[in-house]
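[1] Give me a 3D structure for the following:
(chains A and B)
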Number of protein chains: 2
Amino acid sequence: MTDKKLSTESYKGVRDFYPDDMAVQRYMFEVWRMTAEQFGFQEYDASVLEPADLYRNKTSTEIVNEQTYTFTDRGNREVTLRPEMTPTVARMVAGRRRELSFPVRWYSIPNLFRYERMQRGRLREHWQLNCDIFGIDDVSADIEIILLANEIFKNFGAENGAQYKIHVSSRRLLEALYSSLDLVAETRLAATRLADKKNKMEYTEFKQQMSAVAGESTSIILSFLNADNIDVVPEQIKDTPAYTELKTLINTTNEIGCPVFFDPTIIRGFDYYTGVVFEVVDLHPDNNRALLGGGRYDNLTELFGGEPIPGIGFGFGDVTLRDFLISHDLMTTNITSPTLSILPTEPAHNIAAEKIAQSFREAGISTSIDLSNKKVGKKISQASEQFITYVLILGEDEIKTKQYKLKDLSEETETSGTLNELIAKITQ
Amino acid sequence: MTDKKLSTESYKGVRDFYPDDMAVQRYMFEVWRMTAEQFGFQEYDASVLEPADLYRNKTSTEIVNEQTYTFTDRGNREVTLRPEMTPTVARMVAGRRRELSFPVRWYSIPNLFRYERMQRGRLREHWQLNCDIFGIDDVSADIEIILLANEIFKNFGAENGAQYKIHVSSRRLLEALYSSLDLVAETRLAATRLADKKNKMEYTEFKQQMSAVAGESTSIILSFLNADNIDVVPEQIKDTPAYTELKTLINTTNEIGCPVFFDPTIIRGFDYYTGVVFEVVDLHPDNNRALLGGGRYDNLTELFGGEPIPGIGFGFGDVTLRDFLISHDLMTTNITSPTLSILPTEPAHNIAAEKIAQSFREAGISTSIDLSNKKVGKKISQASEQFITYVLILGEDEIKTKQYKLKDLSEETETSGTLNELIAKITQ
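    The predicted structure follows:
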């Protein structure tokens, strides 16, 4: 032991979840799980450690170079703390492509790491619901994944249009536009990267930069990026499959009661998207940002060899969701409390309390014991603060006579009886 | 994109959890959670990343030096992937010592990392249930934590004495023995480390090594380490508080119907244990090893300053538990399947299927859709393999007439009706 005291702080940028905070996580994860399973999604998981190579191909350059936790292990392997789940799920699907029966609907709630500067809603570690459908290259899967996203919000008690809004676009549609303009790959990439930043910069500055990238195609690209409705995009892309697909998606979700809005500035940074892309944005003025984002990535499994397996999915982070629920006054926590607490009048009765507690537990009643040496009055008030329903005060007399008193703290009533009588009273 | 294909293998020594494997994890975690909450324990969590300093003090030397994943981040901080949870929970309890009302009963199911050679049941990453009671320096807490461990096994359907056995000893009792022999700190440490290895070496070799460490005290130390019953330990420690405490623990748990056995070779590697130590061992001949281990550590929070807060707890790993459940034929998996699957006769009906599915989901019926272009017969047999109860075949006619047929795959019956009639049929 050294003299220097250790800090009780967690590592920088990550969180400790004390039971109060954990109750919030549990609530959010429970709604996530329940809704995903309502749609027939099955849970999977993987390690937070992945070979660094997994992120060297399709993920956006920024993430691989500057934002991952990557280190070399003692066997000289480069290993990364996963910054996102999509490469992992693509790896797993590709690994069992022969055994799996498609369509595969999978979800997971992994923790993800990014080495980035901290700001509201952006920590170095966060948890994220990931839902993906593999094996279906059809707009019906795109529709389903957006309906699932919407249903999760509904299950949190949120209202589409009032508290959140769903924005959609299509990388395929953008590519169709580029093709109509005969743009080369390099120009497409630069224009797409720039479009991704449109809402983060001054419009005049944006126009200028786009002009430098796209030259004479600039005005048509801008007319696309400024379209606030799919009907007003440049005519030259209206007869493409990408247009039909996106229009079907918008119309169908609207019919089903899940309004979505065309927003051509939705790009989603990751290079691997190939089709529909979407975001759910928080409408609260304090949280003007995306809560959930995703899209179609039909070529990602190619990295692992074999025919590509089409995929579509989204990620939904816990930190932004928590802020959303609090800002819109939708947060519910379900902190767990035992039903009963046994309060020995002195520590000498602690062992007797353990024996009695066992009978209640075996009857299915969750039971704790206040083993401290506090006064009984203090023990009662603490039990009450902890939302415990019943207390049983255990003193000399009770141990001798085997007659116990059960106090109902919520109704402020008292019942006397044997253990079996009190068990019957609680479980009735 | 490069030409080299990426591997679909996970990082060495960690596992992928496909839905089938995840169903097993979910089952095990569910029993863990349910039982811990039955005892009034509350769930907490923390990040897998911890400052490396946290493991530099009390943890056994072997672990810090050779077995952790430790790296330096870009801010020049040394950071470790947690190899165990106890230092984290001690840090968290110490950090809120003023706000918390003791006794605190906390549990968590963290993933832990060790950089070690792989062997059966020992991977580089595993999950572990951790249950701890803080603030109580009384044998009643030791009894409770052992009862909790036992109850978990009971809830897995296992039988104490037939499939597993609980072994207990006491570091405090061992220290009392050393004190009675006037051993210096160095000798105590060496003798304790050696005792920890007793069952892994030849007895003659062990005796010889102990002799080199303990000199003339050897025979008494050996008579303690060979005692198979607490009544036959050397007389000189029978009037110590440590002896009374351990005897009370053994007698009380036996009375409550949870037999535990005195086993002086239980040391538990970690240097921080100060009192009762225990292990649950698997009695299956293929798995002759500890499933769960823990003990009392009354000084661990001292590292963070302030008065020490007594603690007792255990860790229970998923890998050894999984082997235990399989070997004893106690494994149950609860793979989740949707209640209903809608099977469009051709992809053109996929969108109609999405609309219909939404009605079922909103009625609380978990519903998936087979969006593939397989033949309907194939879709039905796959739904059956996936344990889906109902299928609804959606063709041209059904879409036109709004009359649908619901097949019950388990009973092989069929019902016709409108959506509302079929929803009523399923939810009835």
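
[2] Which neighbouring elements make contact with the helix or strand harbouring A:R361?
    Assigned by DSSP states H and E, A:R361 belongs to helix A:350-362. With contacts taken as 3 or more C-beta pairs under 8 Å, 6 or more residues apart in numbering or on different chains; DSSP states H and E, helix A:350-362 sits against strand A:340-344, strand A:367-369, strand A:390-394, helix A:419-427, helix B:139-155, helix B:241-255. (C-beta placed from N, C-alpha, C; glycine too.)

[3] Could I get the average pLDDT for the first one?
    Going back to what we said before, that points to strand A:340-344. Averaged across strand A:340-344, the pLDDT comes to 97.

[4] Off-centre distance for it?
    38 Å (C-alpha atoms, centre = their mean, to the nearest Å).

[5] quick one, it and strand A:390-394 angle?
    Calculated by axes from the mean of the first three to the mean of the last three C-alpha atoms, to 10 degrees, strand A:340-344 forms an angle of 20 degrees with strand A:390-394.

[6] quick one: buried residues of strand A:340-344?
    For strand A:340-344, a neighbour-count test (16 or more other C-beta atoms under 10 Å in any protein chain shown) marks A:340-344 as buried.

[7] Contact residues of the stretch 301-428 of chain A facing chain B?
    When proximity is defined as C-beta under 8 Å from any C-beta of the partner chain, the stretch 301-428 of chain A approaches chain B at A:302-305, A:335-338, A:341, A:347, A:350-351, A:353-355, A:357-358, A:361, A:364, A:366-372, A:382, A:385-386.

[8] ChimeraX command for the buried members of those?
    This is how ChimeraX selects the buried members of those, with burial counted by 16+ other C-beta under 10 Å:
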select /A:302,303,304,336,337,338,341,350,351,353,354,355,357,358,361,366,367,368,369,370,371,372,382,386
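
[9] Tell me, please, where in chain A the pLDDT is lower than the cut-off.
    Applying pLDDT under 70 to chain A flags residues A:1-4, A:57-65, A:116-122.

[10] what about the helices in it?
    Remark: helices assigned in chain A by DSSP state H are A:19-38, A:61-66, A:86-95, A:139-155, A:171-180, A:185-196, A:203-214, A:218-225, A:241-255, A:318-327, A:350-362, A:376-385, A:396-401, A:419-427.

[11] Nearest to A:K12 among the ones you listed would be which one?
    Closest to A:K12 of these, according to C-beta to C-beta: helix A:318-327, at 15.6 Å.

[12] neighbouring contacts of that closest one?
    For helix A:318-327, contacts defined as C-beta atoms under 8 Å, 6 or more residues apart in numbering or on different chains pick out A:24-25, A:28, A:120-123, A:126-128, A:156, A:158, A:163-164, A:282, A:284, A:286-287, A:289-291, A:330-331.

[13] again, only using 6 Å
    A:28, A:121, A:123, A:126-127, A:282, A:284, A:286-287, A:291, A:331 (C-beta atoms under 6 Å, 6 or more residues apart in numbering or on different chains).

[14] same question, stretch A:361-375
    Against stretch A:361-375 from outside (C-beta under 6 Å, 6+ apart): A:338-343, A:347, A:350, A:353, A:357, A:360, A:379, A:423, A:426, B:37-38, B:40, B:102-103, B:136, B:140-141.

[15] Write out the residues of the stretch 151-300 of chain A neighbouring chain B.
    A:252, A:256 (C-beta under 6 Å from any C-beta of the partner chain).

[16] Repeat the analysis, applying 7 Å as the threshold.
    Residues of the stretch 151-300 of chain A lying close to chain B (C-beta under 7 Å from any C-beta of the partner chain) are A:151, A:252, A:256.

[17] could you measure A:I256 against A:L249, distance?
    11 Å (C-beta to C-beta, to the nearest Å).

[18] More neighbours: which of those two?
    More crowded of A:I256 and A:L249, by other C-beta atoms under 10 Å in any protein chain shown: A:L249, with 23 against 18.

[19] still on that earlier bit, okay, the helices and strands packed on helix A:350-362 in a markdown table with distance to A:Y243 next?
    What follows is the helices and strands packed on helix A:350-362, written out as a markdown table (distance: least, C-beta to C-beta, whole Å):
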| stretch | distance to A:Y243 |
| --- | --- |
| strand A:340-344 | 63 |
| strand A:367-369 | 62 |
| strand A:390-394 | 64 |
| helix A:419-427 | 62 |
| helix B:139-155 | 57 |
| helix B:241-255 | 72 |
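
[20] out of the ones you listed, which comes closest to A:E186?
    When the helices and strands packed on helix A:350-362 are compared by C-beta to C-beta, helix B:139-155 sits nearest A:E186, at 60.2 Å.

[21] relative to helix B:318-327, how tilted is the closest one?
    Going by the same axes, to 10 degrees, helix B:139-155 makes 50 degrees with helix B:318-327.

[22] Briefly note if helix B:139-155 comes near chain A.
    Yes - for helix B:139-155, a contact with chain A is found by C-beta under 7 Å from any C-beta, at B:140-141, B:143-144, B:147, B:151.

[23] Tell me the buried residues in that helix?
    Neighbour counts over helix B:139-155 (16+ other C-beta under 10 Å) mark B:139-153 as buried.

[24] Which other helices and strands does it contact?
    helix A:350-362, helix B:19-38, strand B:125-134, strand B:164-170, helix B:241-255, strand B:276-282, strand B:290-296, strand B:311-317 (3 or more C-beta pairs under 7 Å, 6 or more residues apart in numbering or on different chains; DSSP states H and E).

[25] Alpha carbons of it, in PDB - could you do that?
    Extracted C-alpha coordinates of helix B:139-155, given in PDB (Å, rounded to 0.1, in the frame of the first residue of the first chain):
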ATOM      1  CA  VAL B 139     -21.000 -12.400  10.300                       C
ATOM      2  CA  SER B 140     -24.700 -12.000   9.400                       C
ATOM      3  CA  ALA B 141     -23.600 -10.300   6.200                       C
ATOM      4  CA  ASP B 142     -21.200 -13.100   5.400                       C
ATOM      5  CA  ILE B 143     -24.100 -15.600   6.000                       C
ATOM      6  CA  GLU B 144     -26.400 -13.600   3.700                       C
ATOM      7  CA  ILE B 145     -23.900 -13.400   0.900                       C
ATOM      8  CA  ILE B 146     -23.400 -17.200   1.000                       C
ATOM      9  CA  LEU B 147     -27.200 -17.800   1.200                       C
ATOM     10  CA  LEU B 148     -27.500 -15.600  -1.900                       C
ATOM     11  CA  ALA B 149     -24.900 -17.600  -3.800                       C
ATOM     12  CA  ASN B 150     -26.700 -20.800  -2.800                       C
ATOM     13  CA  GLU B 151     -30.100 -19.500  -3.800                       C
ATOM     14  CA  ILE B 152     -28.800 -18.700  -7.300                       C
ATOM     15  CA  PHE B 153     -27.800 -22.300  -7.700                       C
ATOM     16  CA  LYS B 154     -31.200 -23.400  -6.500                       C
ATOM     17  CA  ASN B 155     -32.800 -21.100  -9.000                       C
END
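
[26] And the buried residues of strand A:340-344, which is closest to chain B?
    For chain B, the nearest member of the buried residues of strand A:340-344 is A:S341. The distance, counting by C-beta to the nearest C-beta, is 7.1 Å.

[27] OK, contacts around the closest one?
    A:368-370, A:383, A:388, A:391 (C-beta atoms under 7 Å, 6 or more residues apart in numbering or on different chains).
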